[in-house]
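> Prediction below, plus the sequence it came from.
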Amino acid sequence: MRELRGKAAFITGGASGIGLAMGRAFAECGMKVMLADIEQGALDRACRDLSGLGADVRGVACDVADPDSVDRAAEATFAAFGNVHVLCNNAGVASGGGIDTISIDNWRWVVDVNLMGVVYGIRSFLPHMRAHGEGGHIVNTASMAGMINGMGFSPYAATKFAVVSMSEGLALQLQPHGIGVSVLCPAYVRTRIGESGRNRTERYGKAQRLDPNSPAAALVAEVARLIEAGLDPAEVAKRVLAAIREDQLYIFTHPNMREWTDGRFAAIQAAMDGVTAP
């Protein structure tokens, strides 16, 4: 999709971070933008912030872990804009993992938002995108944690690996329909994902407190430091725009992560090389 002016986009997690940056970039290109977010106050502020760009920017409350909520947000977007061309399944959360304390509530929350939220978005928008026949593009936000696992036994890494795989399969199936697919795999970006527990709903229980002297707590502190020093979300949004226009499947943002991917792929290749034919 090279020409974006006049097209419509729907973005989950659109009230802050990468989602808001994508909304701004799309609006600056003359697109119509629907920001979807579970956090109503932040959503209202985001819409006011982007209203000065001269584009049609609106907001809709949406809990991506609830398929009915995603359906309602989709219907509101169709009613507002007509045809939707760009779908960004961007909402995501993070929670502690590891082998010392395995919380089923944590796993369910992260899987429901990071993985099922993408499934629900595709389910709600893809039939519409195929039916209008004008082409389009789907951007699924994963992470470098979906390419390499430096986070151990973690629901976050597990869901991001799943989003990468799902996006690869989706791209193959949608190519004949003129709908592109990109999977966004950033490393550390200055967002509030470390505070994502603020939007954790009651059905997932309360987050467990980490022992401040545990390895898990040390990892959380280190990740928070790296996020604070991370990439500006606006730079990520620029790469997303370029990927949509060039129909690129993988969107990477941190070239310094190459050594990590090389190491993983080399280990996989070495294991394959060691397999003998039966």
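Structure received. Numbers count the residues shown, from 1 in each chain.
> who's in contact with stretch 189-200?
16-18, 38-39, 92-95, 109, 207, 220, 223-224, 227-228, 230-233, 236, 253 (C-beta atoms under 8 Å, 6 or more residues apart in numbering). From N, CA and C alone the C-beta is placed, and that goes for glycine too.
> Can you mark which positions in it are buried?
189-191, 193, 196, 199-200 (16 or more other C-beta atoms under 10 Å).
> With pLDDT added, can I get those residues in a markdown table?
Below are the buried residues of stretch 189-200 laid out as a markdown table (pLDDT from 0 to 100):
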| residue | pLDDT |
| --- | --- |
| Val189 | 96 |
| Arg190 | 94 |
| Thr191 | 95 |
| Ile193 | 90 |
| Ser196 | 89 |
| Asn199 | 91 |
| Arg200 | 93 |
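> Go ahead and measure how far the helix or strand of the chain with the lowest mean pLDDT is from the middle of the chain.
Ranking every helix and strand in the chain by mean pLDDT, DSSP states H and E puts helix 215-228 at the bottom, with a mean of 77. Offset of helix 215-228 from its chain centre (C-alpha atoms, centre = their mean, to the nearest Å): 20 Å.
> mind listing what's buried in it?
Neighbour-count burial for helix 215-228, counted by 16+ other C-beta under 10 Å, picks out 216, 219-220, 223, 227.
> For the helix or strand following that helix, give me every contacting residue.
Per DSSP states H and E, the first helix or strand lying C-terminal to helix 215-228 is helix 233-246. Contacts to helix 233-246, defined as C-beta under 8 Å, 6+ apart, come from residues 1-2, 4, 17-18, 20-22, 24-26, 29, 86, 88, 137, 139, 180, 182, 184, 186, 189-191, 248, 251-253.
> Now restrict those residues to buried residues only.
The buried subset of the contacts of helix 233-246 - by 16+ other C-beta under 10 Å - is 1, 4, 17-18, 20-22, 24-26, 29, 86, 88, 137, 139, 180, 182, 184, 186, 189-191, 248, 251-253.
> Would you map the helices across the protein?
Under the criterion DSSP state H, helices of the chain are mapped to 17-28, 40-50, 67-81, 104-110, 117-132, 155-174, 215-228, 233-246, 258-273.
> if you compare the ones you listed, which one is most tucked away?
The highest mean neighbour count among the helices of the chain, using mean count of other C-beta atoms under 10 Å, belongs to helix 17-28: a mean of 24.
> which residues make contact with that helix from outside it?
Residues outside helix 17-28 that contact it (C-beta under 8 Å, 6+ apart): 4, 9, 11-14, 33, 35, 37, 46, 49-50, 53, 55, 57, 86, 88, 90-91, 139, 141, 184, 186, 189-193, 232-234, 236-238, 240-241.
> 6 Å instead, please
With contact meaning C-beta atoms under 6 Å, 6 or more residues apart in numbering, helix 17-28 is reached by 9, 11, 13-14, 33, 35, 46, 50, 53, 55, 57, 88, 90, 191, 233-234, 236-237, 240-241.
> same thing with stretch 51-71?
Under C-beta under 6 Å, 6+ apart, the answer for stretch 51-71 is 12, 27-28, 32-36, 38, 40, 43, 47, 50, 73, 76, 80, 91, 112-113, 117, 120, 124.
> give me that answer again for 7 Å
Stretch 51-71 is contacted by residues 12, 23, 27-28, 30-38, 40, 43-44, 46-47, 50, 73, 76-77, 80, 91, 112-113, 116-117, 120-121, 124 when judged by C-beta atoms under 7 Å, 6 or more residues apart in numbering.
> likewise stretch 102-116?
Residues outside stretch 102-116 that contact it (C-beta under 7 Å, 6+ apart): 64-65, 91-93, 95-96, 155-156, 159-160, 162-163, 200, 204-205, 208.
> Distance from the chain centre to it, please.
On C-alpha atoms, centre = their mean, the centre of stretch 102-116 falls 15 Å from that of its chain.
> Then stretch 110-130?
Centroid displacement of stretch 110-130 relative to its chain, using C-alpha atoms, centre = their mean, is 11 Å.
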